[in-house]
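**Student:** The sequence and its predicted three-dimensional model are supplied below.
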Amino acid sequence: MDLLSNLQLAFSVIFQPENLLFCFVGCLIGTLIGVLPGLGPVATISLLLPSTFHITPVSAIIMLAGIYYGAMYGGSITSILVNIPGEAASVITCLDGYQMARQGRAGPALGISAFGSFIAGTLATMMIMLVAPPLANFALKFGPPEYFSLMFLGLTVLTYLASGSMVKALMMACVGIFLGTIGTDNISGIERFTYHSYTLMDGIGLIPVIMGLFGISEVLLNIDQAARQEIYKTRIANLLPSLRDWKDSILPIIRGTFVGFFLGILPGGGAVIASFAAYAVEKKVSKHPEKFGTGAIEGVASPESANNSASQGAFIPLLTLGIPANVVMAILLGALLIHNIKPGPLLIRDHPDLFWGILGSMYIGNIMLLILNVPLIGMWVKILKIPYPILFPLILLFCLIGVYSVNNNIFEVIIMILFGIIGYLMKKFAYEGAPLILAFVLSPLMENALRQSLIMSHGSFSIFFTRSISLFLIASALFLLLMPLLPWSRKRPKGGDFD
Amino acid sequence: MKRYDQISSLIWFFFAIYICVESIRLPLGSWRDPGPGFLPLLVGLILAGLSIICFMQARMAESTEQKASWYSRKRWKNLIWVLLALLAYALVLDHLGFLMSTFLLLIFLFRFGMEPQKWFWAIGGSVIASVSCYVVFELWLQTQLPKGILGF
Amino acid sequence: MKIGIPKGKRMSAALVFGALAFSLVGLHSSPSWAAEKPYPNRPINMIVSYAPASGTDLGSKVMADKVSEFLGQPLISVYKPGGGGSLGAAIVAKAKPDGYTVLVGSVTPLVLSPIVKKMDFQLEDFILLGSYSKIPIWLVVKKDARWKTLKDFIEEVKKTPGGFQVGTYGKLTAADFVLELLNKYAGIKQVNVPFKSSGEAMTSLLGGHVEACILSGAAGHLDAGTARILAAAEEERLDGLPDVPTFKELGYPILMPSIYCFAFPKGTPKQIVDRFQDAQNKAIQKYPKEIKEGLRRVEQWAEFRTPQDTLKKFREFQTLSRKMAQELGVEAK
């Protein structure tokens, strides 16, 4: 396994004109999809799947892959500009990114987001090259008990997300867990809280909730407060991150890359959880955690890097074991099958041009995406200069179409509006949305994993403690939970309430 | 904030009760074999407990801030109009079709949302925005936007 | 920005402009009161009641690729996963019967779910077309598992106190039924560990977290050699898999006709249904090898039957499932 000759193979594949073209097309579509709310990589990739029937498998996967990680670049744009997450993985970016935009620092936010994504993507590709097979085997070791412990650890991350009252954050987490139970229970097949609505039968969609809770509510808030946004009118000073910004961000980017990469490999992990976890890690190690949520650039750099490296790490189980780590990978698996490529451990051996070609395309793709995104920053920032009375109807329209385009379901539009109202009230009464979303995403996974594990162990809870990975994760979670209470811990959770 | 925290925590408390009541109707199972109702009930109980704690904290806290209203006295009407417009939009979308509904919505929002724009710009801007969205989403991206009685 | 329209006339100008723009757009999209173009005159929505890249989805895409050629319009996949496949079926049952909404139907959503859950639709609310593929439901183990035959497997399950954990893609699905029937006929205890999809279950199997799985398809691992089939719930052995026995020939009469067909809501005009069926027949006639091969690649077997025959098979299965559901006690009142 000579690394150099593999690299040579990689670049010889990607530099063929049609592969370069498909890579570019994929990245371009991906960025657009990421910017447009609602329409996500899943829908787009499955829509374009049939059109790949008649091109070579290498080109097909290169393009579809480009769409996927390209969407991670685009998703942060609307999060930063108008507090609307274009992607579930960009929710966390709203917290600090939008605040930076309100302070006239949209340019640096967008810039650090793009550069961070680039660095993360490139580093992730290098890591795939070097350690793919052993990592994939590690990922296989994650069964239901490990997932439960991982999710449990993830929920304890909540305690670091909260900027304000811990009690209120936990209340929001409970609400999030409840919202996650709505729908058909996977284990028993029984419906919960659906009242026979077909829309709710599969649960409340994530898109209407996040767009309502973050996007619509912010619009309502802005209407309510000063109509003239003086901040947007101030001359936006820098379009690119300053040296100071770089200094602050480089370590978060690195950390985010690693966190994201590992979480992306785990089947069921994914970019969403990665971005939340990376943010929490940054806040924990930061010397000024209270700045998070008010426009700390670390709060943008880290999650954005994490979601990019997660999206690339997700390729590992697919390409080395034939196991999809998330829905997008499942579709790519389908694409491979249709092109008569058998996934599994033999894929690298039987189709080295595919494997290395994809890796090569990731390098080139990230470069293309950087070139696509950075020059547009100026244009995006100008959008903020549109007077708000004119801008906000467009933002609302954007949200309405976005939600509708997911499932062609009016009811989901109404759900979004409802969550907009709820989000508005929450902001007014000082309840945070991030813990709710995290719990909403994690708890169905956690509940499933818990019940599957208990079925596996015939009802015994010891399964979580006898398996080493699971034990390690639970121990870490408990450690993180109890740490603030330890006397020698110098950081106390800030906030009005001590519990 | 003190009063608002009390009110809001009470609201959450009643919501938690609702969750508990509804989840009891589902099979609960046991600790070793949780049924579908188990987690919601647990969460409902925890939420109820937390909201009581929140309530107590609010009661015992000093009432430091002045009684600022939680909604803007001047612009609450705008908010209501915008919300009603959004809900109306969702309801007529299937009947009038995307173009018509969006056109009307945008005109309404431009005029009554915040500062009323001049009619020319309101209508003109609305036309441009709704038509371009139509072109992008319906014709180019092929997402199926609703068609109303007029057929488009 | 200065435009040379006098102030007083601005509003009228805007309205005229608006009317013009709308008419242009409206003309482009042919309002319904214009001359009716023959069916189909726009893309048709194919409702897939499972996740993207599931067996249902991939099989439908293989067919759609060829059928759309004879329809003249693309078939667009619309995903409505949920309720173990019943959500998509419910939506199509209530959809407008104008021929632009078609379900990718199979036994689980159309036959099983109305029996085991309280659904407000039935098999009779659909017009079935001829079937095109089948995805066998079978017992899957890892390639290097210690059981070489079903008999070995059953023996070991009998010896293990507490039984075995067997993964499936959900409770109250066809796989679940196979599991329970095997329990009954072989006198063993398998506990259903429900996952959200065959893919998830397969991942767990490969990781050694469950001993075996009863799945439809093998998430791509059948031909890759990483998985082995111990027995299939089929009438006879499958083409191309000479070493895989059926439950039936091993003495356990477990049959699960997991066939797939397109289905229109009841009330769809006959000429539309016929047009679609005609296109499907022509596609099969012109591309038999490509379709068979395409399906085989995604672990499905071509099964071309007439609509009448398909309906007959579904009805037979309906009677059988009612009986099974009563026996197992899972029939919804």
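**Tutor:** Okay, I see it.

**Student:** Does residue A:50 touch residue C:66 like I think?
**Tutor:** No - the criterion here is CB atoms under 8 Å, and residue A:50 misses it with residue C:66 at 10.6 Å. The way it works is simple: take the backbone N, C-alpha and C, and place the C-beta from them, glycine included.

**Student:** Find the residues that touch each one of those two.
**Tutor:** By CB atoms under 8 Å, 6 or more residues apart in numbering or on different chains, residue A:50 and residue C:66 have no common neighbours.

**Student:** I figured residue A:211 hits residue A:84, correct?
**Tutor:** Yes - using CB under 8 Å, residue A:211 makes contact with residue A:84 at a distance of 6.1 Å.

**Student:** So those two - more neighbours on which side?
**Tutor:** Taking other CB atoms under 10 Å in any protein chain shown, residue A:211 and residue A:84 do not tie; residue A:211 has more neighbours (34 against 28).

**Student:** Which pLDDT value goes with the more buried one?
**Tutor:** As predicted, residue A:211 sits at a pLDDT of 90.

**Student:** if I pick it, what's in contact with it?
**Tutor:** By CB under 8 Å, 6+ apart, the contact list for residue A:211 reads A:37-38, A:84-85, A:399, A:402-403, A:416, A:419.

**Student:** Would you write a ChimeraX line that selects the buried entries of those residues?
**Tutor:** To isolate the buried members of those in ChimeraX, using 16 or more other CB atoms under 10 Å in any protein chain shown:
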select /A:37,38,84,85,399,402,403,416,419
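
**Student:** right, and out of the contacts of residue A:211, which lies closest to residue A:180?
**Tutor:** For the contacts of residue A:211, the closest approach to residue A:180 (CB to CB) belongs to residue A:419, at 14.0 Å.

**Student:** quick one: average confidence on the helix or strand where the closest one lies?
**Tutor:** Per DSSP states H and E, residue A:419 falls inside helix A:410-428. For helix A:410-428, the mean per-residue pLDDT is 92.

**Student:** got the buried residues for that helix?
**Tutor:** Residues A:410, A:412-428 are the ones in helix A:410-428 that count as buried (16+ other CB under 10 Å).

**Student:** Tell me where the model's unsure across chain B.
**Tutor:** B:1-2, B:62-73, B:139-152 (pLDDT under 70).

**Student:** now the strands for it?
**Tutor:** Secondary structure of chain B (DSSP state E): no strands located.

**Student:** Show me what the helix holding residue A:419 is packed against.
**Tutor:** If you count contacts as 3 or more CB pairs under 8 Å, 6 or more residues apart in numbering or on different chains; DSSP states H and E, helix A:410-428 packs onto helix A:206-210, helix A:217-224, helix A:388-407, helix B:76-112.

**Student:** Report the contact partners of the nearest residue to residue A:407 once chain neighbours are set aside.
**Tutor:** Nearest residue to residue A:407, sequence neighbours excluded (CB to CB, 6 or more residues apart in numbering or on different chains): residue A:205, at 7.0 Å. Each residue near residue A:205 by CB under 8 Å, 6+ apart is listed here: A:406-407, A:412, A:415.

**Student:** domains in chain B, as residue ranges please.
**Tutor:** B:2-60, B:76-140 (automatic domain parsing).

**Student:** Is the shortest one positioned near chain A?
**Tutor:** So that's domain B:2-60. Yes - using CB under 8 Å from any CB of the partner chain, domain B:2-60 reaches chain A at B:4-5, B:8-9, B:12, B:15-16, B:19, B:22-23, B:26-27, B:32-37, B:39-40, B:43-44, B:46-47, B:50-51, B:53-54, B:57.

**Student:** Of those residues, select the buried ones using a PyMOL command.
**Tutor:** Filtering these down to the buried ones (16+ other CB under 10 Å) takes a single PyMOL command:
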select buried, chain B and resi 4+5+8+9+12+15+16+19+22+23+26+34+35+36+37+39+40+43+44+46+47+50+51+53+54+57
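
**Student:** now, which of the residues of domain B:2-60 next to chain A lie within helices?
**Tutor:** B:4-5, B:8-9, B:12, B:15-16, B:19, B:22-23, B:39-40, B:43-44, B:46-47, B:50-51, B:53-54, B:57 (DSSP state H).

**Student:** Residue A:113 falls within a helix, correct?
**Tutor:** Yes - the assignment for residue A:113 by DSSP: H, G, I helix; E, B strand; the rest coil puts it in a helix.

**Student:** Check the gap between it and residue A:68 for me.
**Tutor:** The gap separating residue A:113 from residue A:68 is 17 Å, by CB to CB, to the nearest Å.

**Student:** give me phi/psi at the residue of the stretch 51-200 of chain C found nearest chain A?
**Tutor:** Residue nearest to chain A within the stretch 51-200 of chain C (CB to the nearest CB): residue C:82, separated by 2.9 Å. When read as degrees, to the nearest 10, the backbone of residue C:82 gives phi 140, psi 150.

**Student:** Tell me, how many residues neighbour it?
**Tutor:** Other residues close to residue C:82 by other CB under 10 Å number 24.

**Student:** mind checking how far it is from residue C:291?
**Tutor:** 29 Å.

**Student:** now do residue C:262
**Tutor:** From residue C:262 to residue C:291 the distance is 14 Å (CB to CB).

**Student:** residues contacting residue B:55?
**Tutor:** For residue B:55, the contact set (CB under 8 Å, 6+ apart) comprises B:5-6, B:9-10, B:13.

**Student:** mind redoing it with 6 Å?
**Tutor:** Listed by CB atoms under 6 Å, 6 or more residues apart in numbering or on different chains, the contact set of residue B:55 reads B:6, B:9.

**Student:** buried sites along stretch A:369-387?
**Tutor:** A:369-370, A:372-374, A:376-377, A:380-381, A:383-384.

**Student:** Mind exporting the C-alpha coordinates of stretch C:51-59 to PDB?
**Tutor:** Coordinates of each C-alpha in stretch C:51-59 appear next as PDB, following Å, rounded to 0.1, in the frame of the first residue of the first chain:
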ATOM      1  CA  ALA C  51     -36.400   5.800   3.300                       C
ATOM      2  CA  PRO C  52     -34.300   6.700   0.200                       C
ATOM      3  CA  ALA C  53     -32.200   3.900  -1.000                       C
ATOM      4  CA  SER C  54     -34.300   1.300   0.600                       C
ATOM      5  CA  GLY C  55     -35.200  -1.800  -1.400                       C
ATOM      6  CA  THR C  56     -38.500  -0.300  -2.300                       C
ATOM      7  CA  ASP C  57     -36.900   2.900  -3.500                       C
ATOM      8  CA  LEU C  58     -34.100   1.300  -5.500                       C
ATOM      9  CA  GLY C  59     -36.400  -1.200  -7.200                       C
END
